[in-house]
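1. this one's sequence-less:
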């Protein structure tokens, strides 16, 4: 029982770090456009991160808990390895200011620890294939929606004065930032819910079936919201200014395109990367202005981090799984 409590605490630490690491996803655009000061932006984002469970179901939690590796192979060492691999990668990329994916770090950690225990037979291929496809599709969809929204909005307000457009979209960006934060909390917090739920199942504490108790939902939403409150200012700088400079209209288009992508993915139970999604949308609105407006060398470095995330987290997770065998059964 003590070990179970410790592992749940570690899972909540990961959720907290997820909020810390991915706070930039929710607030980078609204901060970079100077619509909200950072201290108010994190409060705004944290609130919508927390209330997300009132809007969405728990499909993503089900995918992470039972759709990546076979629940039959899950034990304490597997969960410890998965969380250890994800947390290690998150801390490294946070320190370096690289907006990598907490989601895919966790998926990579699960795969690394599961394979270390039971080989490739541990993999639930449909869930892994869908999640892997989302690595490409979520930023692509974010890019396309950001680009199309930017073109459509620009055409709609072509006869308006820059001052009128700026004033309108400073107001509208409150709504778009809220929706994106809601989608972020709905998709990302559920990943930790799935981890805790499958851990409870492995300990026979789930009543004989895999499900997510309400207390797990509340704990995970709270941990993520607290992480968001502390913010990820290194990554805010990269997301909000290094990729491309944003106006309030561009911020609105990026956040709206990202929110639509997250809402759709969460409805279908697909654990996508909020980092990938908003980065794709930001690049899309920058490219709508002109191709040279995007700092493609920065974007290229981010993409490399995306590719490396899953295998890097998997390797660390497998190592932790093996080493933990010295003290755990």
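-> Happy to help now that I have it. What you see is a predicted model; the values in this text were computed from it and never measured.

2. Show me the shaky parts of the stretch 101-250 of the chain.
-> Applying pLDDT under 70 to the stretch 101-250 of the chain flags residues 206-208, 231-245.

3. ranges for the helices of it?
-> 102-118, 125-156, 162-202, 214-230, 233-237, 248-267 (DSSP state H, counting those that start in this stretch).

4. Which other helices and strands does the second one contact?
-> To tie it back to what came earlier, the one meant is helix 125-156. helix 59-66, helix 102-118, helix 248-267, helix 274-289 (3 or more CB pairs under 8 Å, 6 or more residues apart in numbering; DSSP states H and E). From N, CA and C alone the C-beta is placed, and that goes for glycine too.

5. okay, the angle between the helix or strand following the first one and helix 162-202?
-> It refers to helix 59-66. Note on helix 59-66: by DSSP states H and E, the next helix or strand toward the C-terminus is helix 76-96. If you take axes from the mean of the first three to the mean of the last three CA atoms, to 10 degrees, helix 76-96 sits at 160 degrees to helix 162-202.

6. Please identify which of the helices of the stretch 101-250 of the chain is closest to residue 275.
-> helix 102-118 (7.4 Å; CB to CB).

7. and the angle from that closest one to helix 59-66?
-> Angle, helix 102-118 to helix 59-66, by the same axes, to 10 degrees: 20 degrees.

8. Going by neighbour count, list what's buried in helix 102-118.
-> Neighbour-count burial for helix 102-118 flags 102-118 (criterion: 16 or more other CB atoms under 10 Å).

9. ok and it relative to helix 214-230, angle-wise?
-> Using the same axes, to 10 degrees: helix 102-118 against helix 214-230 is 130 degrees.

10. Need the residues that contact stretch 156-175.
-> Contacts to stretch 156-175, defined as CB atoms under 8 Å, 6 or more residues apart in numbering, come from residues 29-30, 33, 35-36, 44, 247-249, 251-252, 255.

11. Pick the one among those residues closest to residue 316.
-> Taking CB to CB as the measure, residue 316 lies nearest residue 29 of the contacts of stretch 156-175, at 31.3 Å.

12. tell me the contacts of that closest one?
-> 173, 177, 239-240, 246, 250-251, 254-255, 278, 282.

13. repeat for residue 73
-> Applying CB under 8 Å, 6+ apart to residue 73 gives the contacts 114, 117-118, 122.

14. for residue 182, same thing?
-> Counting by CB under 8 Å, 6+ apart, residue 182 makes contact with 48-49, 51-52, 55, 259.

15. Please determine how far the closest residue to residue 123 other than its chain neighbours is located from residue 78.
-> Nearest residue to residue 123 in three dimensions, chain neighbours excluded: residue 69, at 6.2 Å (CB to CB, 6 or more residues apart in numbering). According to CB to CB, to the nearest Å, residue 69 and residue 78 sit 7 Å apart.

16. shared neighbours of these two, anything?
-> Common neighbours of residue 69 and residue 78 are listed as 110, 114 (criterion: CB under 8 Å, 6+ apart).

17. before we move on, back to that, could you tell me how many residues sit around the residue nearest to residue 123?
-> By other CB atoms under 10 Å, 28 other residues sit near residue 69.

18. How many residues are close by the nearest residue to residue 205 once chain neighbours are set aside?
-> Sequence neighbours aside, residue 4 is the residue nearest to residue 205 in space, at 7.4 Å (criterion: CB to CB, 6+ apart). Using other CB under 10 Å, residue 4 has 16 neighbouring residues.

19. element containing residue 4, please.
-> According to DSSP H and E, residue 4 maps onto helix 2-32.

20. pLDDT on that helix, on average?
-> For helix 2-32, mean pLDDT is 82.

21. roughly how far out does that helix sit from the chain middle?
-> Put simply, helix 2-32 sits 9 Å off its chain's centre (CA atoms, centre = their mean, to the nearest Å).

22. Give me the distance between the nearest residue to residue 321 once chain neighbours are set aside and residue 324.
-> Closest residue to residue 321 apart from its sequence neighbours, by CB to CB, 6+ apart: residue 81 at 3.5 Å. Separation of residue 81 from residue 324 (CB to CB) stands at 7 Å.

23. Of all pairs in the contacts of residue 182, which one spans the longest distance?
-> Most distant of the contacts of residue 182, by CB to CB, are 51 and 259, 14.7 Å apart.
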